[in-house]
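Trainee: Coordinates only, no sequence provided:
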């Protein structure tokens, strides 16, 4: 289990960073470390008992056995008294050598593996720290996001410069443009300005003279690919806490009621069910939650909950967890092609909910359906079109 979680979180490091899930991942790793430490202490205690038994075996069985064998060889005159010392030393030295060599080889192999893992982690940490953060200004009284002399590059091919641009809050912007024109990169730059302090995307270089002014650092990004920790209860992930069982009972009950309302409103369901719960209390809570939320079993631990859901249901779950379960909408919401996996009905439900719940927020949506023409239909959801082309970005309006 530890190895699987380690491989999964390492593989999804970028999603954890962009989704601001580092806090939950850290808490779960700390909990897993405590459990592993407890298991190691028990293992060491068992190893001490085993070593004591081995010592008793050597003292009470092996050594008397050697002595009896030597006595028998003396009796049949196969060896003489002079040879006894030599035979005893050879046998003792051979046993000690074999046991010691085997034990040391095992310890050295384990130490070498741990050293390689630590070196890999150190190298990864150094690369992450080197990426840094964007330097942004926050004006609480401001009513828009302003870009001034913003220039950034990513690799050898992408170079973008935005001389002057203002995006008033309370509007929904479609972000259009060809692949590789800098849309996701600017999302990564804006996300690094948020209070979660995520680092810049890999390979991004932001000009030191760039100036980005925000009305708030309350920024949430919903990425194209989504991350949910392994071996987690859906209720914990939807409430964005490491363990929902640690919350007061009244808080959990109120949250389950609100989730039920959101599930019905957004037509969210999950047909998968966990085979067992971790405890009797979890089973009781799971049964109650299943009755109140249709087919969604909130309290049963899932090996890979998002892996059980369709793409559209994952998007709904992510929106519920990161946006709708909050007391208010984030001041800035970044949606990286979040609507792509949704069917038309689900897309309409989600867009209507966002329009109502996030009326005062600034919403940026990477939108590819009509990106070839740069034309985005306005009216229902989108208020304007931020189009990337020829190394810059500008508002071109809807059509």
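Mentor: In hand now; what should we look at? What you are looking at is a predicted structure, and each value in this text was computed from that prediction instead of being measured.
Trainee: Give me the buried positions along whatever helix or strand residue 44 lives in.
Mentor: Element membership for residue 44, per DSSP states H and E: helix 22-57. For helix 22-57, a neighbour-count test (16 or more other CB atoms under 10 Å) marks 24, 25, 28, 29 as buried. Bear in mind the C-beta positions are built from the backbone N, C-alpha and C, glycine included.
Trainee: any idea how far it is from the chain center?
Mentor: How far helix 22-57 lies from its chain's middle: 25 Å, per CA atoms, centre = their mean, to the nearest Å.
Trainee: counting contacts, what elements does it pack onto?
Mentor: For helix 22-57, the packing partners by 3 or more CB pairs under 8 Å, 6 or more residues apart in numbering; DSSP states H and E come out as helix 2-11.
Trainee: got the angle between the helix it packs on and helix 22-57?
Mentor: Put simply, helix 2-11 runs at 150 degrees to helix 22-57, going by axes from the mean of the first three to the mean of the last three CA atoms, to 10 degrees.
Trainee: Next SSE downstream of helix 2-11?
Mentor: Sequence-wise, the next helix or strand downstream of helix 2-11 (DSSP H and E) is helix 13-18.
Trainee: could you give me the average pLDDT of that following helix?
Mentor: For helix 13-18, mean pLDDT is 79.
Trainee: Kindly report the same for stretch 24-34.
Mentor: For stretch 24-34, mean pLDDT rounds to 82.
Trainee: before we move on, what about stretch 381-397?
Mentor: 93.
Trainee: what does that stretch contact?
Mentor: Residues outside stretch 381-397 that contact it (CB atoms under 8 Å, 6 or more residues apart in numbering): 159-163, 165, 167, 171-178, 181-183, 186, 351, 354-355, 364-365, 367, 374-376, 378, 398.
Trainee: does residue 297 count as helix, strand or coil?
Mentor: Here residue 297 is recorded as coil under DSSP: H, G, I helix; E, B strand; the rest coil.
Trainee: cool, residue 345 as well?
Mentor: Assigned with three-state DSSP, residue 345 falls in the helix class.
Trainee: what does residue 160 give?
Mentor: From three-state DSSP, the assignment for residue 160 is strand.
Trainee: May I have the beta-bridge partners of it?
Mentor: residue 152 (DSSP bridges).
Trainee: burial of it, as a residue count?
Mentor: Residue 160 has 20 neighbours, counted by other CB atoms under 10 Å.
Trainee: Model confidence score at it, please.
Mentor: At residue 160, the predicted lDDT confidence score is 95.
Trainee: pretty sure it contacts residue 183?
Mentor: No - with contact defined as CB atoms under 8 Å, residue 160 does not reach residue 183; the gap is 9.6 Å.
Trainee: before we move on, back to that, filter the contacts of stretch 381-397 down to the buried ones.
Mentor: Using 16+ other CB under 10 Å as the burial test, the contacts of stretch 381-397 include 160-162, 165, 167, 171-177, 181-183, 186, 351, 354, 364-365, 367, 374-376, 398 as buried.
Trainee: possible to save the buried residues of helix 22-57 as TSV with distance to residue 144?
Mentor: Shown next, in TSV, are the buried residues of helix 22-57 (distance: CB to CB, whole Å):
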residue	distance to residue 144
24	32
25	33
28	38
29	39
